[in-house]
Structure formats: structure tokens, C-alpha cells
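Q: here is my input; please provide its structure:
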Amino acid sequence: MPDFCAALGCSNQRNANTKQQGITFHRFPKDKVKRQLWKMALKRRDFEPNDRSVVCSCHFKAEDFDRTGQTTRIREGVIPSVFLFTRHLGKAHTATRTSRTSQKAAEEPPQVQAVEQTASDHQYALDPVQVKKRLNEAREKLEELRRDLRNAKDRERRHKKTVKSLLEDLKHKHMLSEELQQRLDDILLG
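A: Okay, here's the model as predicted:
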């Protein structure tokens, strides 16, 4: 039997699609007081949650989650608080408006954002396994680059030593002019 979110107007269902979007589902607390608080937050008339009733992660704030383990959990004492209620659940009915603009505004249906759009709000959450994997990859790359730098410096030192040795040989054999010898000394010492 599929799990649907118990929030009014939410059609999120526990399936592969919602899992891919990063939407998680959380059962009502077993504690009667906490369960009653969740029930009141949903504002559903004549709704009585059962043991399988769930609320999706779209109805919680980002700071309500504990994502330190392998599973996403709701922090202790958190109550769902993000809902897209329509106007009929909000204010009590007021007297009929008389201006044309007020009447036109009253006739227009309320603007309710689709729940699927809010699902992307939860895509910013970090997956600890992926973060650890990327951190290890970055460390390995850093170590590889340090090794390459050390090798490059060693090669440079060896090449300089070889060039210096060749120049000394050319000097002893008097194959360099004074001017060329002075330039090479400036380059090597500078």
C-alpha cells in the first residue's frame, strides 16, 4: 500500500520519483501529545492519523532535519510547519466587498504554489557519503600534485647541476668568450 503525504492538498507519494527529488517521508510520532501537535498543524478536519500516516519533507524547514547519518531524520520536538493552505482555512469570513476591484479579487482563485516546485527546496542538502567521497578524492589529488611538484623541483635541481657542470667544462677548455661567460654567470647566479 503506497504512502501518501497526509498534508492537505499535498499529493506526494513515496516512490522512486520522490526519492530521486530528495523528498523523504516521516511517520507521525507515537507519543500522543506530539501526535496531537502534528495533527493540529495539518489543520485537517476529522483527520485521525494511523500508524502508517506520514508527512513528507516538503512540510518541514531545512533546519528541522538531522542529516548526519545515512537516513534523514526529523529533529526531536519538531512539528511540520510549511503548508500551502488556501484562503478558506485562514481568516474568518468577512462582509461582502462593494468595490469592483475587491469583488474581482474575491472571484479569482487563490494562488497556490505546486508542491512539486517546493520539492526542489530540498535539493541543496548534502549527502554525507558523497561529501566524504569527494573529500577523499580531493585529498588524493592534493597529494598527487604535491608529489608532482616535489619531482619537478628535483628535476630542475638536477638540470641546473648538469648545466653548471657543462659550463665549468667549457670554461676549463677555454671555449667561452669573456662576454658569454659573464652573461652565463649572471643567469645562473641571478
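Q: name the single longest helix found in the chain.
A: Secondary structure of the chain read by DSSP state H shows that its longest helix is helix 128-172.
Q: now P29: phi and psi?
A: Dihedral pair for P29: phi -60, psi 150, per degrees, to the nearest 10.
Q: show me the contacts for it.
A: Remark: with contacts taken as C-beta atoms under 8 Å, 6 or more residues apart in numbering, P29 is in contact with R35, W38. For every residue, glycine as well, the C-beta is placed using N, CA and C.
Q: could you rerun that using 6 Å?
A: Residues near P29 by C-beta atoms under 6 Å, 6 or more residues apart in numbering: R35.
Q: now do it against N151, distance only.
A: Counting by C-beta to C-beta, to the nearest Å, the separation of P29 from N151 is 60 Å.
Q: swap in E48?
A: In this structure, E48 and N151 are 71 Å apart, going by C-beta to C-beta.
Q: over to L180?
A: Computed with C-beta to C-beta, the distance linking L180 and N151 is 32 Å.
Q: and R75, by the same measure?
A: Distance check for R75 against N151: by C-beta to C-beta, it reads 50 Å.
Q: quick one: mean pLDDT for the longest helix of the chain?
A: In this model, helix 128-172 has an average pLDDT of 89.
Q: now for it, which elements pack on it?
A: Taking 3 or more C-beta pairs under 6 Å, 6 or more residues apart in numbering; DSSP states H and E as contact, there are no helices or strands that helix 128-172 lies on.
Q: and if we set it to 7 Å?
A: Helix 128-172 is packed against helix 178-189, with contacts defined by 3 or more C-beta pairs under 7 Å, 6 or more residues apart in numbering; DSSP states H and E.
Q: got the angle between the helix it packs on and helix 128-172?
A: Computed with axes from the mean of the first three to the mean of the last three C-alpha atoms, to 10 degrees, the direction of helix 178-189 lies at 150 degrees from that of helix 128-172.
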